[in-house]
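K.L.:
Starting from these lines, generate the structure:
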Amino acid sequence: MKREHAACIIKPRGPFHVGEREGMREGSGTFIHSDTLFSALCHSYLLLYGKTELERFLAAENGADPPLVLSSAFPYWKGKYYFPVPRNFTPRDKEAKKLRFIEQSAFETLLIERLPDDKLIPSGLPTGVIETEDVPKVTVSRTGGNATDEGGFYHVGLTFYKDASLFFLARHGTDDSRRKTEAAMRLMCDEGIGGYRTVGKGQFVQPDFSQKVSMDEPASPNAGLMLSLYYPSETESQGLVDGFYDLVPRRGYVFSPATRSLRRKEVSMFSEGAVFPCSGRAGKLVDVTPDGFTDHFVYRCGLAFTIPCKFTPFCHSERSEESSARQPAGGPHA
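P.N.:
The predicted structure is shown next:
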């Protein structure tokens, strides 16, 4: 069964930084998580429509029928869409284990029928399309103009897309919400996505909203696969313990006109490619407002962009290799 999804393609003007860890070295992810994309969109929404309209938008997003649900932004190269490898696919082949993204046709095959563990998927993203580079930085005192004594030298990771772009899928509630959010996305590409936007990183050419992704889906699905980060609501705990997933910590600083120096509360979310039995998972926005900050609420987007798939649980005798890759049951925590 074919289903069409609205897609948006964004091409980086240069390197971008989406931090993965902090300390003496802060790396950069190779794609853009849905919560980072949503955060950048909300900042541009605020600039265009004001605080009151943004608050209305966020209240609707946490309601029963959100006006916008975004996937994460994945690689788009030479007219091909690349998706995250489903977590219930666990090949024994060492090269296949290294794959993070696979071309759409192979991805659709895994949605419909789980391939044997020893079957290699040959259509991963070629080496060299995405590269990361560590750039040395130094912390300078704002008062004295000198490098600070402690922690002055560090590295920052920058991600380069060579002759490639990113794409994300979007579900719009109404035509009015689509027009407003697409206008905010145009501004978002000029404002930037990710870190170091104030020095020109993370800028993109104007988005292409004309694309549609037609995807084969199983006729009788019994599970859902996440193309976004996912934070379950209080009523969505059923089936989580049986899923195939990774948990990723989400942290960082608030980026708003009110402050850019406060840390958001840390949460863990289910990563892209997670597979859970049952359908109807919606997720929610997570309140990560720093203690004592009262100018406005700060949210992480955990809304689920789900596509139907087949769920094939392992027998206990087959779980030994996969168990090391799965996180303990219990779900995300603040």
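K.L.:
residues near the nearest residue to Glu108 once chain neighbours are set aside, how many?
P.N.:
Using C-beta to C-beta, 6 or more residues apart in numbering and skipping the chain neighbours, the partner closest in space to Glu108 is Asp216 (4.3 Å). C-beta: built from backbone N, CA, C; applies to glycine. Number of residues near Asp216 (other C-beta atoms under 10 Å) recorded here: 15.
K.L.:
Got phi/psi on Asp216?
P.N.:
The main-chain torsion angles of Asp216 are listed as degrees, to the nearest 10 and equal phi -70, psi 130.
K.L.:
same check, this time on Leu54
P.N.:
According to degrees, to the nearest 10, the main-chain angles of Leu54 amount to phi -60, psi -40.
K.L.:
my guess is it meets Leu41, correct?
P.N.:
No - with contact defined as C-beta atoms under 8 Å, Leu54 does not reach Leu41; the gap is 10.2 Å.
K.L.:
tell me the helices in the stretch 201-334 of the chain, going along the chain?
P.N.:
Remark: helices assigned in the stretch 201-334 of the chain by DSSP state H, counting those that start in this stretch are 320-323.
K.L.:
low pLDDT regions in it?
P.N.:
Low-confidence segments of the stretch 201-334 of the chain, defined by pLDDT under 70, are located at 313-334.
K.L.:
change it to 90
P.N.:
Screening the stretch 201-334 of the chain residue by residue with the criterion pLDDT under 90, one finds the ranges 201-202, 215-223, 235, 237-242, 251-264, 277-280, 290-297, 309-334.
K.L.:
Strands of that one, start to end?
P.N.:
Taking DSSP state E, counting those that start in this stretch as the test, the strands found in the stretch 201-334 of the chain are 208-216, 223-226, 247-250, 267-270, 275-277, 285-287, 299-301, 306-309.
K.L.:
Using JSON lines, lay out those strands together with distance to Asn62.
P.N.:
Rendered in JSON lines, the data for those read as follows (distance: least, C-beta to C-beta, whole Å):
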{"stretch": "strand 208-216", "distance to Asn62": "25"}
{"stretch": "strand 223-226", "distance to Asn62": "18"}
{"stretch": "strand 247-250", "distance to Asn62": "17"}
{"stretch": "strand 267-270", "distance to Asn62": "15"}
{"stretch": "strand 275-277", "distance to Asn62": "21"}
{"stretch": "strand 285-287", "distance to Asn62": "5"}
{"stretch": "strand 299-301", "distance to Asn62": "8"}
{"stretch": "strand 306-309", "distance to Asn62": "17"}
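K.L.:
Which among those strands is found nearest to Ser256?
P.N.:
Proximity to Ser256, assessed across these by C-beta to C-beta, is greatest for strand 299-301 (11.4 Å).
K.L.:
what sits against Tyr230?
P.N.:
269-270, 274, 281, 283, 302-304 (C-beta atoms under 8 Å, 6 or more residues apart in numbering).
K.L.:
between the residues you listed, which is closest to Asp163?
P.N.:
Taking C-beta to C-beta as the measure, Ala274 is the one of these closest to Asp163, at 30.1 Å.
K.L.:
neighbours around that closest one, how many?
P.N.:
If you count neighbours by other C-beta under 10 Å, Ala274 ends up with 27.
K.L.:
So it sits against Ala223, correct?
P.N.:
No - under the contact definition of C-beta under 8 Å, Ala274 does not touch Ala223, with a separation of 10.3 Å.
K.L.:
chain center to stretch 28-44: distance?
P.N.:
Between the mean C-alpha point of stretch 28-44 and the mean C-alpha point of its chain there is a distance of 7 Å (C-alpha atoms, centre = their mean, to the nearest Å).
K.L.:
helices or strands next to the helix or strand harbouring Asp35 in the packing?
P.N.:
Take DSSP states H and E as the rule and Asp35 turns out to sit in helix 34-49. In this structure, helix 34-49 packs against helix 51-61, strand 68-70, helix 175-191, strand 299-301, with contacts taken as 3 or more C-beta pairs under 8 Å, 6 or more residues apart in numbering; DSSP states H and E.
K.L.:
Out of these, which one sits most buried?
P.N.:
Of all the helices and strands packed on helix 34-49, strand 299-301 carries the top mean neighbour count, a mean of 25, counting by mean count of other C-beta atoms under 10 Å.
K.L.:
Parallel or antiparallel, which strands does that strand pair with?
P.N.:
strand 285-287 (antiparallel) (DSSP bridges).
K.L.:
quick one: buried residues of the partner strand?
P.N.:
Of the residues in strand 285-287, those with enough neighbours to count as buried (16 or more other C-beta atoms under 10 Å) are 285-286.
K.L.:
what do you get for stretch 234-249?
P.N.:
Judged by neighbour count using 16+ other C-beta under 10 Å, the buried positions of stretch 234-249 are 236, 239-240, 243-245, 247-248.
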